[in-house]
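[1] fold the following for me, if possible:
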Amino acid sequence: MDEKKPLLSHFLALRKVFLISAIAVIVGFIAAFYFFSTRLIDFITLPIKERGVEIIYTAVSEAMTTRLKISLVTGIILASPVIIWQIWNFVKPALYEKEIRALRFWFFVTLLLFLIGVVFCYYFVFGLAVNFFLVAGDNLAAPLISIDRYLSFTLSFILPFGFAFDLPVIIYMTTKLGLTTPEMLIGKSKYVVLLFFIVAAILTPPDVYSQIMLAIPLLLLYGVGILAAFTVKKRENGESKKQQKKAASNKHRRSAS
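    Residues are numbered from 1 along each chain as shown. Below is the predicted model:
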């Protein structure tokens with residue numbers, strides 16, 4: 001009976017996390033729908049409107065469903081501090097103080113790199129890619145772009161850049177866990193280059209420009225990850241030397257006594 005109480009308390013705590021998170025998303029969704037959705041649509045469609053292309057909808061419900069989708073994504077973003085806080089409070093009691101500090105640091109680094117990737121893509125890549133597609137189709141047909149398809153295209157284009165910019169963190173973590181080493185990362189670099197171009201071809205729309213613009217930052221971030229791996233190795237070697245010196249000192253004291 002005593003063993004069931006901790007399990008029940010964990011279940012109730014987890015249910016509370018889901019409940020509060022769901023309420024936060026609903027509140028964020030309602031706020032976004034009534035106050036931000038129109039401005040967000042204008043902002044998202046700006047790269048294509050600047051090129052004189054009119055956004056249309058091809059189904060009676062398409063404009064409304066698109067607005068609902070944008071409001072839901074925005075609501076999740078607005079509710080994310082509440083969601084993260086709830087998850088943090090749930091897992092925090094099981095962590096040591098050192099683990100708590102490390103988790104805080106790497107969470108903010110991961111979030112920052114993701115946001116940098118999204119901003120980089122929107123301001124330096126996305127507009128050029130849109131222009132590339134429009135120019136490529138100039139002599140074929142007049143562009144009539146659906147709002148729903150344009151939104152799907154935008155998200156499928158921008159989000160991979162955000163996730164890709166977290167590559168240094170992934171390399172750091174795998175090196176910390178002993179799954180990779182700097183020497184291994186350098187030795188496999190030629191295969192990594194090929195892999196990045198394959199991944200870029202899968203994640204981006206089917207044009208060479210978009211693939212290159214994702215693959216090049218991935219290669220640069222891979223280099224940053226290798227530097228992070230060397231940092232991990234150097235720190236571990238320093239700690240190992242300290243432990244060896246401490247062990248030798250203790251051995252010397254015991255022999256002297």
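[2] how many neighbours does residue 190 have?
    For residue 190, the neighbour count with other Cβ atoms under 10 Å is 8. Just so you know, the C-beta spots here come from the backbone N, C-alpha and C atoms, and that holds for glycine as well.
[3] just residue 67 next, same as before
    For residue 67, using other Cβ under 10 Å, the count is 18.
[4] ok, which stretches of the stretch 101-250 of the chain are strands?
    Secondary structure of the stretch 101-250 of the chain by DSSP state E, counting those that start in this stretch: the strands cover 145-146.
[5] for residue 141, give me phi and psi.
    Main-chain dihedrals, residue 141, degrees, to the nearest 10: phi -160, psi 160.
[6] what's the local residue count around it?
    Residue 141 is flanked by 7 other residues according to other Cβ under 10 Å.
[7] check residue 117 too.
    When neighbours are defined as other Cβ under 10 Å, residue 117 has 23 of them.
[8] in contact with the spatially most central residue of the chain, which residues?
    Nearest to the geometric centre of the chain sits residue 163, at 3.5 Å (Cα atoms, centre = their mean). The neighbourhood of residue 163, defined by Cβ atoms under 8 Å, 6 or more residues apart in numbering, consists of 114, 117.
[9] next one: it, what pLDDT does it get?
    Looking at residue 163, its pLDDT stands at 84.
[10] got it, and residue 54?
    Reading off the model, residue 54 has pLDDT 84.
[11] do the same with residue 70
    In this model, residue 70 carries a pLDDT of 90.
[12] list the buried residues in the host helix or strand of it.
    Assigned by DSSP states H and E, residue 70 belongs to helix 62-91. Residues of helix 62-91 classed as buried: 63, 66-67, 69-76, 78-79, 82-83, 86 (neighbour count, 16 or more other Cβ atoms under 10 Å).
[13] next, count neighbours for the nearest residue to residue 100 once chain neighbours are set aside.
    Using Cβ to Cβ, 6 or more residues apart in numbering and skipping the chain neighbours, the partner closest in space to residue 100 is residue 92 (6.5 Å). By other Cβ under 10 Å, 11 other residues sit near residue 92.
[14] okay but residue 92 is in contact with residue 101, surely?
    No: the pair residue 92 / residue 101 is not scored as a contact, 11.7 Å apart, by Cβ atoms under 8 Å.
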